[in-house]
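Visitor: the sequence and its predicted three-dimensional model are supplied below.
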Amino acid sequence: MSEFLQFLFSGLTVGAVYALVALGFTIIYNASDVVNFAQGEFVMLGGMITWFSHAAGLPLPLAALVAIIATAALGVAINKLAIGPARGAPVVSLIIITIGASVFLQGAAQLVFDKQIHSFPAFSGDTPLRFGGATIQPQGLWVIGGALVVFVGLWLFFTRTLLGRAVLATSNNRLAAQLVGINTNFVMTLSFALSAGIGALAGVLATPITLTAYNVGIGFALKGFAGAMLGGMGNPKGALAGGFLIGLIEALTAGYLSSTYKEAAAFVVILLVLFFMPQGLFGRRSTERV
């Protein structure tokens, strides 16, 4: 039983990171129908900028805040300089642009920072907490709590605020939203800023556990995309559940089969979802927008 609990804690910890990445995918997909494969690089930048700022002498909380704000600004820049000018292009072209942005950000991080693996201190120390014979790092609770807080915050934003409802209106029908006076360009900018900021937060929370380097983004992007697909692309509740499920599947695969197969778990999930349940666990039956 303790062995299962250990795998469960590990899966929930890494799954919370994937859930945050999946939520970032969901925000941009809802606003533009685009799958943003640069989302993983936002996670990388959150960790790398925090490490760099902390190493330069900033207190860790301030370094984390700088990383989140800087990454959100980069998200806005990608929207303004890359996605915005190609707004009328086919969705596939926009997705390719996001892949290009991912490659660019990875290369820029390699030049600005370095090729080494980095970390910074955990927020609440490294002494593990014991539950039922298993242990969990205090930082793992920060990651899980962060994912839940972000999900609740997004739910309140989208359901209780006029600006959040404007984002939902834009996602349902962009032209109709423009006709009733919604500034859809601002909605897109806000969506990219939110998505990038959430990705950076995931990097800040996860780096003391998973470490960070210039090339970790692609792995987070693929796992987050798998979570978003499993939960139902465009559904925040599905993104949260899908991210946690991918983490649990990975942990149980590594624990009961072999760590060799752990990395393949997300890709197997993507294939199974595409073949048997394209709408995901919480998605709509049809993804066509009218």
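Guide: Okay, I see it.
Visitor: if I look at the residue nearest to residue 213 when sequence neighbours are not counted, how far off is residue 48?
Guide: Counting by CB to CB, 6 or more residues apart in numbering, residue 117 is the residue found nearest to residue 213 once chain neighbours are left out, at 4.8 Å. For glycine as for every other residue, the C-beta is placed from the backbone atoms N, C-alpha and C. Look at residue 117 and residue 48: by CB to CB, to the nearest Å, they are 11 Å apart.
Visitor: which neighbours do those two share?
Guide: Common neighbours of residue 117 and residue 48, using CB atoms under 8 Å, 6 or more residues apart in numbering, are 212-213.
Visitor: between the two, which one's more packed in?
Guide: Set residue 117 next to residue 48 and count neighbours by other CB atoms under 10 Å: residue 48 wins out with 26 against 11.
Visitor: how about the contacts made by that one?
Guide: Counting by CB under 8 Å, 6+ apart, residue 48 has contacts 67, 109, 113, 118, 203, 212-214.
Visitor: phi first, then psi, for it.
Guide: Main-chain dihedrals, residue 48, degrees, to the nearest 10: phi -70, psi -40.
Visitor: give me the pLDDT for it.
Guide: According to the per-residue confidence, residue 48 scores 96 in pLDDT.
Visitor: verify the stated contact: residue 84 with residue 186.
Guide: No - assessed by CB atoms under 8 Å, residue 84 is found out of contact with residue 186, at 11.6 Å.
Visitor: can you map out the helices along the protein?
Guide: 2-32, 39-55, 60-78, 91-112, 138-160, 162-172, 174-179, 184-210, 217-231, 236-256, 264-276 (DSSP state H).
Visitor: I'd like these as a markdown table, with distance to residue 128 appended.
Guide: A markdown table is the format used below for those (distance: least, CB to CB, whole Å):
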| stretch | distance to residue 128 |
| --- | --- |
| helix 2-32 | 10 |
| helix 39-55 | 22 |
| helix 60-78 | 20 |
| helix 91-112 | 31 |
| helix 138-160 | 8 |
| helix 162-172 | 38 |
| helix 174-179 | 49 |
| helix 184-210 | 12 |
| helix 217-231 | 24 |
| helix 236-256 | 16 |
| helix 264-276 | 25 |
